[in-house]
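# Pasting the sequence and the predicted model now:
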Amino acid sequence: MYRIIGITIIACIHCSVMQAQQSFIEKFNLPQVDCELKFLTELKKATIVVPNDSSVVWEKAKEFKKNFMRAEAEVVIKTESNLLKSDFDGNIFIMGPIADYSHWDRFDIPIKKLKRGFKIGKFSFKEQSYGFSYVSPPDAYPIRFAISGNSLKAYEQAHDMPTHGGFEYIVLQNAIPKLIGNGLHIVDLHALLKSLYTYVESKFAIFMISKNLSLEEREKVNNEAIEQYNKHIEIFVEKMKLSLPEKKVKAHIHATQEEIKYFSGLFVALCGSTLHGFVTGDEIHNWMWKESTIVHETIHLLFDPQVNNKSATFLNEGVPTWYEHIMCAEEKERGFLKAIEFIDYDLTSVISGEEFFYQEDDKYYLISGIFTGYMIETYGVDKFKELYRHERRDILYGFEKTYGKPLSEVLEEYKKWLLSKNTNHKLNQ
């Protein structure tokens, strides 16, 4: 759902990006991001704590240990009641809803548990929708790291956000970052956002448009462009046999890389990546106005909630990329050429999730769009949606269950289809 171009690709403009970033930080007195993340990269030993009797949090802790911890780090998972006095002398990672902890104060972190909610400095957060992460300052020992919230859902949203660390405090509401801070320096991102953006409402979206866009970029966000966006949504909904959205999409149109990084919550990108468009929670963040990217991200928010939020990434990105190919013949041409280039490559590993989808180039985006178009064209929308309802861990079984044949056979037929299309392809005439 998000596209990141790696550091090596933007090395030539790194200095100018950092200069602009510094100016933005100084102008609005924003806290500096910690790019070293020593609490994860140099950790040698830690205890992950979960509430008593919480199998959901226990599974999340196991996932965190596997995905984020250094392989050679010695990490154990314990319930709160099984902690020893000696554990508090070492590094502790706290996970789970704050209300589920009986002795929160023992962890000695500057986030205070209230009878209802939590408090950071002068800010109190009492609604069930608030979650947070905390990490002790760089070079502090022992390390304290917490992912928590006022409900299980708020905790899970904080756990699943794309950035952990970077700032000592990150507070989210409904998965959207609201507050960040280091020490006593705390900034209300939500208030800053409201002061820097204007709102334009359309049939299917509320566009939040940066006041810092250049005149040329602002002129792109006109009535004609917004009506064209609405038309694409209606076409997609009809093609995929969906219901029209009941709730309007919130789409941010950012003027700079610094805006998209701070206001989206993908803070790690401040350390050297370029962002274009992606979804966080139920909001879209886009770097300037680009119709295809905005439609792409809107499709995620339309299709996934009505079909499946946990499908395989290859299919998840394939659906909006397929529609981008419908929008733009040149993009479809690029996708087709990329699919031909990799025709002998076995896509099983990337479809199953064993291979990482988000590469430095966009090859899998392009190929996934062509493959998705093939599946819909060959077997129909209903069958494709049936496949999509299988979660990513069951996607290989999903092909057999849906189409009565293994993925390997589907891929062979897909290759034959590509070759048949390639026979009369305009570049080979």
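Everything's here; your move. Please read these numbers as outputs of a predicted model, since none were measured by experiment. Numbering: from 1, shown residues only.

# Glu246 belongs to a strand?
No. If the criterion is DSSP: H, G, I helix; E, B strand; the rest coil, then Glu246 is coil and not within a strand.

# and the gap between the residue nearest to Ser151 when sequence neighbours are not counted and Ala158?
Nearest non-adjacent residue to Ser151, counting by C-beta to C-beta, 6 or more residues apart in numbering: Gln128, 4.3 Å away. C-beta coordinates here come from the backbone N, C-alpha and C atoms, glycine included. To Ala158, Gln128 is 13 Å away according to C-beta to C-beta, to the nearest Å.

# Return the list of helices and strands in contact with the helix or strand encompassing Val49.
Counting by DSSP states H and E, the element that carries Val49 is strand 45-50. For strand 45-50, the elements it packs on are helix 55-68, strand 74-79, strand 92-95, judged by 3 or more C-beta pairs under 8 Å, 6 or more residues apart in numbering; DSSP states H and E.

# What lies in contact with the shortest one?
Defining contact as C-beta atoms under 8 Å, 6 or more residues apart in numbering, one finds that strand 92-95 is touched by 46-50, 57, 60-61, 64, 101, 107, 109, 142-148, 155, 159.

# that older thread, relative to strand 74-79, how tilted is the strand holding Val49?
For strand 45-50 against strand 74-79, the angle by axes from the mean of the first three to the mean of the last three C-alpha atoms, to 10 degrees is 20 degrees.

# Hey, what's the angle from strand 45-50 to helix 55-68? Just curious.
Using the same axes, to 10 degrees: strand 45-50 against helix 55-68 is 150 degrees.

# ok so Lys119 is a strand residue?
Yes. The assignment for Lys119 is a strand, going by three-state DSSP.

# close enough to count as contact, Ser311 and Glu391?
Yes. In this structure Ser311 lies within contact range of Glu391 using C-beta atoms under 8 Å: 6.7 Å.

# neighbour count winner among these two?
Ser311 (23 against 14; other C-beta atoms under 10 Å).

# The more buried one should be in a helix, yeah?
No. Applying three-state DSSP, one finds Ser311 to be coil, outside a helix.

# strand partners of the strand holding Val49, parallel vs antiparallel please.
If you go by DSSP bridges, strand 45-50 pairs up with strand 74-79 (parallel), strand 92-95 (parallel).

# For Asn222, find the nearest of those.
Set against Asn222 and scored by C-beta to C-beta, the strands paired with strand 45-50 come closest in strand 92-95, at 46.7 Å.

# if you average pLDDT over the closest one, what comes out?
For strand 92-95, mean pLDDT is 96.

# Restrict that strand to CA atoms and write it as PDB.
Extracted C-alpha coordinates of strand 92-95, given in PDB (Å, rounded to 0.1, in the frame of the first residue of the first chain):
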ATOM      1  CA  ILE A  92      12.100  -4.300  28.700                       C
ATOM      2  CA  PHE A  93       9.700  -4.100  25.800                       C
ATOM      3  CA  ILE A  94       6.100  -3.700  26.900                       C
ATOM      4  CA  MET A  95       3.200  -4.700  24.600                       C
END
